[in-house]
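# only the shape, not the letters, is given here:
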């Protein structure tokens, strides 16, 4: 199993209402229109992920688990990798319930989108708390 952990920050405009995607971004400021974004000011990008993690994510049907942790709450997303993923977007990482791929996509066939994330965790993020994200590949 390969694992990589990084941090993002919450933001007062996180609404976490999107039905099909969830996003982490390096952007420091977001508007309420970005209803899929749950992490801002990310320490890393798809381009900067370690090679061993990228290789696994870019393999069809690789099982991927993403753990989200704030100070007091946690949630987990399960999805898959794909050989179609380029993992080269400079600012955004998107988890998708669908099998759509583009240069922003981190995982496909995710079992959760922004609207499905633990609401207590989201409340902490709305209060600018730190979010620790761990990507595990099997």
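Cool, the structure landed. The structure presented is a predicted model; accordingly, all values stated were derived computationally and were not measured.
# so residue 64, which state does it fall into?
With DSSP: H, G, I helix; E, B strand; the rest coil as the basis, residue 64 sits in strand.
# residue contacts, it?
56-57, 78-81, 107, 135-138 (CB atoms under 8 Å, 6 or more residues apart in numbering). The way it works is simple: take the backbone N, C-alpha and C, and place the C-beta from them, glycine included.
# the residue lying closest to residue 101 once chain neighbours are set aside: neighbour count?
Leaving out its chain neighbours, the residue that sits closest to residue 101 by CB to CB, 6 or more residues apart in numbering is residue 84, at 4.3 Å. Neighbour count for residue 84, taken as other CB atoms under 10 Å: 13.
# gap between residue 84 and residue 51?
18 Å (CB to CB, to the nearest Å).
# beta partners for residue 37?
Per DSSP bridges, the residues bridged to residue 37 are residue 23.
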